[in-house]
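[1] My questions are about this predicted structure, shown below with the sequence.
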Amino acid sequence: MTGGNLTCSQMVAYNRDMDNIFKALADSTRRQLLDQLFVKNGQTLSELCDRLEMTRQSVTKHLLLLEEAGLVIVEWHGRNKLHYLNAAPIGEIYDRWIGKYDRHRVEALRELKSKLEEDHHV
């Protein structure tokens with residue numbers, strides 16, 4: 001795909017997925033849950049609740065939004081439901097919204113370095 005040209009149906013799906021990710025990341029509690037999973041992946045609901053001052057039901061609601069956004073993946077191990085961080089959607093945000101701006105800054109710094117080296121050698 002070049003130039004970001006998407007058909008209407010692809011754009012709708014893309015926006016809906018991105019909207020869910022941004023919505024999930026907009027809440028500080030959900031970001032805190034993601035941070036906890038980054039430090040120790042594969043935690044149970046009880047483990048995640050131990051570090052938050054809220055009810056299990058509230059934490060469960062936050063985790064469901066993270067799952068819907070694809071930021072958390074759940075696996076059952078016997079009777080234990082383990083939550084895992086899925087960083088791929090965050091990588092997509094980086095590629096789409098952050099990386100392209102960083103790229104320009106890095107290129108500008110390279111050009112500045114080259115120009116300064118040229119001027120210094122002359």
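    Everything's here; your move. Numbers count the residues shown, from 1 in each chain.
[2] Tell me where this structure has strands.
    72-77, 80-85 (DSSP state E).
[3] would JSON lines of those with mean pLDDT be doable?
    Formatted as JSON lines, those follow (pLDDT from 0 to 100):
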{"stretch": "strand 72-77", "mean pLDDT": "96"}
{"stretch": "strand 80-85", "mean pLDDT": "96"}
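[4] Pick the most deeply packed of the ones you listed.
    strand 80-85 (a mean of 16; mean count of other CB atoms under 10 Å). Bear in mind the C-beta positions are built from the backbone N, C-alpha and C, glycine included.
[5] Summarise which helices and strands that one is packed against.
    The contact analysis (3 or more CB pairs under 8 Å, 6 or more residues apart in numbering; DSSP states H and E) places strand 80-85 against helix 28-39, helix 45-50, strand 72-77.
[6] Compare the strands of the chain and give me the one nearest L34.
    strand 80-85 (6.1 Å; CB to CB).
[7] That closest one: how far from the chain's middle?
    The chain centroid and the centroid of strand 80-85 are separated by 17 Å, computed with CA atoms, centre = their mean, to the nearest Å.
[8] can you pull the pLDDT of the residue nearest in space to the middle of the chain?
    Centroid-nearest residue in the chain: I90, 2.3 Å away (criterion: CA atoms, centre = their mean). Note on I90: pLDDT of 90.
[9] which residues does the residue lying closest to R51 once chain neighbours are set aside contact?
    Excluding the flanking residues, the one nearest R51 by CB to CB, 6 or more residues apart in numbering is Q36, at 5.9 Å. Q36 sits next to Q43, L48, R51 when contact means CB atoms under 8 Å, 6 or more residues apart in numbering.
[10] That'll do, ta.
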